[in-house]
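predicted coordinates and the sequence they were generated for:
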Amino acid sequence: RTAALHGCLLLPDTPEGWLRVAREHAAVADFRASSGAPWDGRWRLEPLRAAVTGGEVAALGEAGLQALKDRAERADCSGGDAFGEDIFAKKKELAQGGQWRRLRQALLALPAVWAGGRLLAVPVLRADGEDAGWRLAQAPGAADFHASLLSH
């Protein structure tokens, strides 16, 4: 059963007992940052080229999920790149194990690049962390977070 704790979701993920920890969308839904500025104190999105401008970092949310789904369907029809989101191709498979609902909750809180209400990029969905001229990077000082973790 999914539980929330201090802005994080604890998502039981598999029959083997894995636990996925993800951001709760409500915890980041109102965060906004210009490119290069820390979005949530931990991550920032940077343009990879000077020509890439005008982006604002915000959570992917429902509108972003719909935009990804639309792009994936268009790419399917045209045989083009599905914007790196083959997650919708796997949706049926994931739904059978109940994993789609949990994955969907995690996707809502991902940092994404927006311009005028239009989704430009979601770098975290790419293996190399780069998408449409944008890169996901740790904000200065964010590495200290990992040093503060203790195992018990």
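In hand now; what should we look at?

ranges for the helices of this structure?
Along the chain, the stretches classed as helices by DSSP state H are 25-28, 61-78, 91-96, 99-108, 143-147.

starting at the chain centroid, how far to the shortest one?
What it means is helix 25-28. Its chain's average C-alpha position is 12 Å from that of helix 25-28, according to C-alpha atoms, centre = their mean, to the nearest Å.

avg pLDDT for it?
Mean pLDDT, helix 25-28: 92.

and the second one, by the same measure?
If you average the pLDDT over helix 61-78, you get 79.

cool, and the last one?
Throughout helix 143-147, pLDDT has a mean value of 58.

check the fourth one too.
pLDDT averaged over helix 99-108 equals 80, rounded to a whole number.

mind listing what's buried in it?
Gln99, Trp100, Arg102, Leu103, Arg104, Gln105, Ala106, Leu107, Leu108 (16 or more other C-beta atoms under 10 Å). Backbone N, C-alpha and C define where each C-beta goes, glycine included.

taking helix 61-78 as reference, get the angle to that helix.
Here helix 99-108 runs at an angle of 110 degrees relative to helix 61-78 (axes from the mean of the first three to the mean of the last three C-alpha atoms, to 10 degrees).

surely Leu119 meets Ala112?
Yes. Leu119 is within contact range of Ala112, at 6.1 Å (criterion: C-beta atoms under 8 Å).

which of the two has more neighbours?
Remark: of Leu119 and Ala112, Ala112 carries more neighbours, 29 against 22, as counted by other C-beta atoms under 10 Å.

what's the nearest residue to the residue positioned nearest the centre of the chain if we skip its chain neighbours?
Of all residues in the chain, the one closest to the mean position by C-alpha atoms, centre = their mean is Leu110, 2.6 Å from it. Spatial nearest neighbour of Leu110, chain neighbours left out: Leu60 (4.5 Å); criterion: C-beta to C-beta, 6 or more residues apart in numbering.
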